[in-house]
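Chemist: Quick one: sequence plus predicted model below, questions after.
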Amino acid sequence: MSTEPSPSATREVFADTCILLSFVQREWEHIDETELIESESVTIIVSESVIEELTTVSERRRDIYEDMVDYLVELDADIEEYDPDDRHIYFARNDAKHVRNLQMDLAGRGDRREILRDLRTFVRAAGRRVEYLESLLADQTVNPIPPLELRFAMDDVLNHDADTKIVMDAAAWTADGGSGVLVTRDSDHIIQNEARINELLIEEQGSEWTLQIRLPKHVLAESTATGQCD
């Protein structure tokens, strides 16, 4: 019995933007996302909204990383003293948390010279990974058009426009023949609201729109199990 997934076992899953960002920021993030994107038994599907958000967030965080470099060089300061509130650069909702994690990791790496080297190396690597993802996903990008009324109703559930777009795109892709699996790590909005999301989708559009919302590790485990059964 083969333990390797056959081509027919390849599974399509719709990826939230946070999955792609974790791959781009792999030095500081969970490893499951990298395994998922590089898996031969999983095909990542995204929408144009996901790619647009990836580009926007990646460019904004590149500016933040470069500001951190400027801070270290110009002020001769320690990385843990970098304070987003004191900088003249835009930080979105999740950026400050990401920067705090980055600071803690870098602070334990050695002196300022090593930190600067690691940070500059990361900025270059992150840019290459965004380009890699855009190329990889060019033929795996869909452009679903869910009903506008449904989007408004879903926004009342999630209360976050970017998350609403992702969920709506995944649901419309599912209704058009997709697997129905949405992989995300967004527990604050998407994962904890899975029941309410599906209740609304069934009420407004029917059961063919419902989603199975999974963490990366669950998708990887399910895909491995499928391959072992072939």
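Modeler: Cool, got the structure. All figures in this text were calculated on a predicted structure; none of them were measured in a lab.
Chemist: Tell me where this protein has helices.
Modeler: For the chain, the helices defined by DSSP state H occupy 17-24, 32-38, 48-75, 95-107, 112-136, 148-158, 161-175, 194-204, 216-228.
Chemist: separation between Tyr90 and His189?
Modeler: 21 Å (CB to CB, to the nearest Å). Quick note: C-beta positions are derived from backbone N, CA and C, even for glycine.
Chemist: Same drill for those two, tell me which one is more crowded.
Modeler: Taking other CB atoms under 10 Å, Tyr90 and His189 do not tie; His189 has more neighbours (18 against 10).
Chemist: got a list of what the closest residue to that one other than its chain neighbours touches?
Modeler: Excluding the flanking residues, the one nearest His189 by CB to CB, 6 or more residues apart in numbering is Asp163, at 4.7 Å. Contacts for Asp163 were tallied using CB atoms under 8 Å, 6 or more residues apart in numbering; they are Asp186, His189, Ile190.
Chemist: how about the helices of the chain in a markdown table, adding mean pLDDT and distance to Glu81?
Modeler: Shown next, in a markdown table, are the helices of the chain (pLDDT from 0 to 100; distance: least, CB to CB, whole Å):
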| stretch | mean pLDDT | distance to Glu81 |
| --- | --- | --- |
| helix 17-24 | 96 | 26 |
| helix 32-38 | 95 | 30 |
| helix 48-75 | 93 | 8 |
| helix 95-107 | 87 | 9 |
| helix 112-136 | 93 | 11 |
| helix 148-158 | 95 | 36 |
| helix 161-175 | 96 | 31 |
| helix 194-204 | 97 | 40 |
| helix 216-228 | 80 | 34 |
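Chemist: That'll do, ta.
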